[in-house]
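Asks: Need coordinates for the following:
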Amino acid sequence: MTAEEELAKKIAGEIVLSDRPWSAMRKWRELFNISQIELANAMSVSPSVISDYEGGRRRSPGAKFIKKFVEALIQIDKSRGAPVLKEFAKLMSMPADAILDIKEFSEPVTVKRLCQVINAEIVACPHLADRKIFGYTVVDSIKCIEALSGIDFLKLMGTTSMRALIFTKVTRGRSPMVAVRVHPIKPAAVIIHGTTKVNSLAVKLARIEQIPLAVSHMPSIEKLLQALKDFSLSIE
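Replies: Next comes the predicted model:
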């Protein structure tokens, strides 16, 4: 199955299985950075139709509408050079053991809310605590360095746009922020776990890039992952 087919299946499946399909539709439209008007034009429907679905004012969309909706998102993305599709394809190629967990939220949450869930303290750019994020990726920083080439490690950054990137087994936080700094596509937030002392350069780079940087004080990686899992389930 190609990345395009896999992504289309993922979007459609989430909408169909969601208890709040209107929220899932809005989330995916926003993830693709497509306006209601642009989407409506691509689907040959009135913008009010999209607005009514996203506002929950219409019945849950049928299979034909969902198919048309997904196809429109992907076609618009491809007309822009396929930035979302390319990021998804990169994610599919990542070694599984370097990624501890990955999740798409059914609706966006703020950086502040996610930090509360995993007992994380924002140490840089607290003024951006209300920034919306649409999911998270948790990575084993040691395995990333050992198992991935430099290019593959940077590709990981390309899969986290509008997401929180959570690094585990961190000593000071310098390496994760250097990697973020040199890559053109940035995550919405960076959270590190495994240290209480953050390198001053990491904080400086986060401020330069205007990316919230936080330190999670969860007692273990297992408890961190469980807290994220419980939170994801609570908002589905």
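
Asks: State the distance from the nearest residue to V16 once chain neighbours are set aside to F231.
Replies: The shortest distance from V16 to any non-neighbouring residue, by Cβ to Cβ, 6 or more residues apart in numbering, is to I66 (6.7 Å). From N, CA and C alone the C-beta is placed, and that goes for glycine too. Counting by Cβ to Cβ, to the nearest Å, the gap from I66 to F231 is 27 Å.

Asks: cool, R113 as well?
Replies: Applying Cβ to Cβ to R113 and F231 gives a distance of 9 Å.

Asks: So which of these two has more stuff around it?
Replies: Neighbours were counted for R113 and for F231 using other Cβ atoms under 10 Å; F231 has more, 18 against 15.

Asks: For the more buried one, give me its contacts.
Replies: By Cβ atoms under 8 Å, 6 or more residues apart in numbering, the contact set of F231 is 114, 117.

Asks: Could you look up the SS state of it?
Replies: For F231, the secondary-structure state derived from DSSP: H, G, I helix; E, B strand; the rest coil is helix.

Asks: try I34
Replies: Reduced to three states by three-state DSSP, I34 is coil.

Asks: which one is it nearest to, not counting chain neighbours?
Replies: Closest residue in space to I34, ignoring its immediate chain neighbours: I76 at 5.5 Å, by Cβ to Cβ, 6+ apart.

Asks: tell me the centre residue of this structure?
Replies: R163 (2.9 Å; Cα atoms, centre = their mean).

Asks: hmm, which helix or strand of this protein has the shakiest average pLDDT?
Replies: Ranking every helix and strand in the chain by mean pLDDT, DSSP states H and E puts helix 150-158 at the bottom, with a mean of 51.

Asks: Longest helix in the protein, by number of residues?
Replies: helix 63-79 (DSSP state H).

Asks: Just name whatever secondary elements the lengthiest strand in the chain is in contact with.
Replies: Counting residues, the longest strand found in the chain (DSSP state E) is strand 99-110. Helices and strands touching strand 99-110, by 3 or more Cβ pairs under 8 Å, 6 or more residues apart in numbering; DSSP states H and E, are helix 21-31, strand 132-140, helix 221-234.

Asks: Spell out which residues make up each domain of the protein.
Replies: 3-87, 96-234 (automatic domain parsing).

Asks: Go through the longest helix of the chain and flag the buried ones.
Replies: Neighbour counts over helix 63-79 (16 or more other Cβ atoms under 10 Å) mark 65-66, 68-70, 72-74, 76-77 as buried.
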